[in-house]
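Trainee: Here is my input, please return the structure:
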Amino acid sequence: MEANDLLTLGLGLTAPWRVVDQSLDLSKQPSELRLEVEAARGERYPCPACGALCKAHDFAEFSWRHLNFFQHHCLIKARVPRVRCPEHGLKRVNVPWARPGSGFTLLFEQAVMLLAREMPVNAVARYVGVTDKRIWRVVTHYVLKGMGKLDLSRLCGIGLDETATKRGHHYVTIFVDMDRESRPVVFATPGKGKECLKTFAAYLKGRQGNPENVVEVVCDMSPAFLSAVEATFRNAAVTVDWFHVVQIFTKALDEVRRLEAREVILPKAARWAVLKGLETWRSEEQVAALKELEERGLATATAFRVKELLRWVRKADTRQGARWRATRFFEFARELAGDSVLLAPVRKALNTFEDHLPRILRRWDSLLSNARLEGLNGLFQAARSRARGYRNVTTFITMIYLIGAPITQLLEA
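Mentor: Just a heads-up that it's a prediction; the model follows:
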């Protein structure tokens, strides 16, 4: 078998296309293998609009980066015709080895997409030897095309939360389908607040969904989120996730610790000693720090005790039992906090908890939780950290979809 025939077979080319020449340029670093592809004279080509076989009108030369041939970069070059279709006029023919407008072959793009799931795009660009901007164009094309195929007609329960895009108050709000067991992300949009809910409602309508079908929303205690949910998803009951209850008391505890550190000298390991749960492993230094805080009767130890008492409420078996435990918790925690200036953040957290108690208690009925979304947020932030940040919010959202959205067969999307 001749070399050209072997390369034609290896590339999977079919009539009228075939490899007619090849050359290896060792003067370049890295070296390049160039494959010249042509079609026989007089061939007819399908119109890209209707598929009718038409004669070639003229030709123009194009090249595409292909998968490496051993250690050599591989380029495919071909003179691609325009055909004159009786119905659609002059049209450039689509070649079977690449998508229209791309400078890469389909197999090369498939390899890029597989790598992009596992490593930062900058690393992918260095590995394959092209600029990261070109790689981002490939990734964004397939991800957004895949997201465009989502069918949200059966969406009835959503969870939403924000995640930081960079330092400062810059966020992306992420929406997940609570009924999807894996890869539940269905939408992400810059910012946070009521406008994000309106944007999602419009997006839902464009994916065969209906805001009126949404009967359950799981979110945090943000007033902007809560008011927007009531206005946008009128049939939805709101469940405040328990994670956010713990979060407000954890933040209150850390604020108490910082306030108290201005007045007295706290143990060196006090910060991590109190931020960890009671059952979580601690170093000897952290164990000693927690014991010292309690023995000295410091406000930080009191705030830690209040936070840990939340577990008693959480372990209730029924909604009624949780309500009863929450009532006892409020009474006891407020007695512990008293009127201490240092414990003002704890009293604020208690008031927030009590204000949102009806929505919080719904978790005993719905059994829905944003735990998966919080876990995904960790993956999104890990990806952002590995990439050392993203050039803009669009690339971050693209990566969120690539990691967490129900799009797997991207090249077939």
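Trainee: May I have the beta-bridge partners of Trp17?
Mentor: Trp17 has these beta-bridge partners by DSSP bridges: Ala39.
Trainee: how much space between it and Val37?
Mentor: Trp17 sits 6 Å away from Val37 when distances are taken as CB to CB, to the nearest Å. (Glycine included, C-beta is placed from N, CA and C.)
Trainee: On the three-state scheme, Trp136 is what?
Mentor: Of the three states, Trp136 takes helix according to DSSP: H, G, I helix; E, B strand; the rest coil.
Trainee: Pretty sure it sits against Thr395.
Mentor: Yes: using CB atoms under 8 Å, Trp136 is in contact with Thr395, at 5.9 Å.
Trainee: higher neighbour count, these two?
Mentor: Neighbours around Trp136 and Thr395, counted as other CB atoms under 10 Å, are more numerous at Trp136. The numbers are 22 against 18.
Trainee: check contacts around the more buried one.
Mentor: Trp136 makes contact with Val121, Arg391, Thr395, Thr398, according to CB atoms under 8 Å, 6 or more residues apart in numbering.
Trainee: Looking at those residues, which is nearest Tyr45?
Mentor: Thr398 (34.1 Å; CB to CB).
Trainee: Just the element for the closest one, please.
Mentor: For Thr398, the host element (DSSP states H and E) is helix 393-404.
Trainee: Tell me where this structure is predicted with low confidence.
Mentor: Low-confidence segments of the chain, defined by pLDDT under 70: 1, 168, 367-372, 410-413.
Trainee: try it again with 50
Mentor: Counting by pLDDT under 50, the chain has low-confidence residues at 413.
Trainee: for it, what spans make up the strands?
Mentor: Ranges of strands in the chain, per DSSP state E, are 17-25, 32-39, 44-46, 53-69, 72-85, 89-92, 157-166, 170-177, 185-190, 216-219, 237-240.
Trainee: quick one: which of these is nearest Arg207?
Mentor: strand 185-190 (7.9 Å).
Trainee: quick check: angle from the closest one to strand 157-166?
Mentor: Between strand 185-190 and strand 157-166, the angle comes out at 40 degrees (axes from the mean of the first three to the mean of the last three CA atoms, to 10 degrees).
Trainee: which ones are touching Leu150?
Mentor: When contacts are counted by CB under 8 Å, 6+ apart, Leu150 touches Val186, Arg207, Ala405, Pro406, Ile407.
Trainee: pretty sure the fourth one is touching Arg180, no?
Mentor: So that's Pro406. Yes: contact criterion CB under 8 Å: Pro406 and Arg180 qualify, at 6.3 Å.
Trainee: re the thing from before, give me the common contacts of Trp136 and Thr395.
Mentor: Common contacts of Trp136 and Thr395 (CB under 8 Å, 6+ apart): Val121.
Trainee: Count the neighbours of the residue lying closest to Met147 once chain neighbours are set aside for me.
Mentor: In space, and not counting its chain neighbours, Met147 is closest to Tyr401: 5.8 Å by CB to CB, 6 or more residues apart in numbering. Tyr401 sits with 23 neighbouring residues when counted by other CB under 10 Å.
Trainee: ok, now how distant is Val172 from Glu308?
Mentor: In terms of CB to CB, Val172 sits 32 Å off from Glu308.
Trainee: Give me the more crowded residue out of the two.
Mentor: Neighbour count, other CB under 10 Å: between Val172 and Glu308, Val172 has more, with 20 against 15.
Trainee: Contact partners for that one?
Mentor: Counting by CB under 8 Å, 6+ apart, Val172 touches Glu162, Thr163, Thr165, Ala188, Thr189, Pro190, Gly191, Val393, Phe396, Ile397, Ile400.
Trainee: farthest pair in these?
Mentor: Distance extremes for these: the farthest pair is Gly191 and Ile400 at 14.2 Å, using CB to CB.
Trainee: sorry, back to before: from the contacts of Leu150, pick the one nearest Gly148.
Mentor: Lowest distance from Gly148 to the contacts of Leu150 (CB to CB) belongs to Arg207, with 8.4 Å.
Trainee: Count the residues that sit near the residue lying closest to the closest one once chain neighbours are set aside.
Mentor: Closest residue to Arg207 apart from its sequence neighbours, by CB to CB, 6+ apart: Leu152 at 4.1 Å. Neighbourhood size, Leu152 [other CB under 10 Å]: 20.
Trainee: Isn't Leu152 up against Val185?
Mentor: No: taking contacts as CB under 8 Å, Leu152 lies outside contact range of Val185: 12.0 Å.
Trainee: Look up phi and psi at the spatially closest residue to Ala288 that is not a sequence neighbour.
Mentor: Of all residues not flanking Ala288 in the chain, Pro267 sits nearest, at 7.0 Å (CB to CB, 6+ apart). The phi and psi torsions at Pro267 (degrees, to the nearest 10) take the values phi -60, psi 150.
Trainee: what's the spacing between Val130 and Ser283?
Mentor: Between Val130 and Ser283 the distance is 47 Å, computed by CB to CB.
Trainee: Who has more neighbours out of those two?
Mentor: Using other CB under 10 Å, the more surrounded residue of Val130 and Ser283 is Val130, with 18 against 11.
Trainee: so what's that one up against?
Mentor: Counting by CB under 8 Å, 6+ apart, Val130 has contacts Arg65.
Trainee: Please renumber the chain so that the first residue is 5 from this point on.
Mentor: Will do, 5 is the new start, and the previous item becomes Val134.
Trainee: Give me the phi and psi for it.
Mentor: phi -130, psi 170.
Trainee: in the stretch 255-404 of the chain, which spans are helices?
Mentor: Here the stretch 255-404 of the chain has its helices, by DSSP state H, counting those that start in this stretch, at 274-279, 288-299, 303-318, 323-341, 348-359, 361-365, 367-370, 375-390, 397-408.
Trainee: Which elements pack onto the second one?
Mentor: Spelled out, that is helix 288-299. helix 274-279, helix 303-318 (3 or more CB pairs under 8 Å, 6 or more residues apart in numbering; DSSP states H and E).
Trainee: mind checking which of the ones you listed is nearest Val222?
Mentor: Among the helices and strands packed on helix 288-299, the nearest to Val222 by CB to CB is helix 303-318 (15.9 Å).
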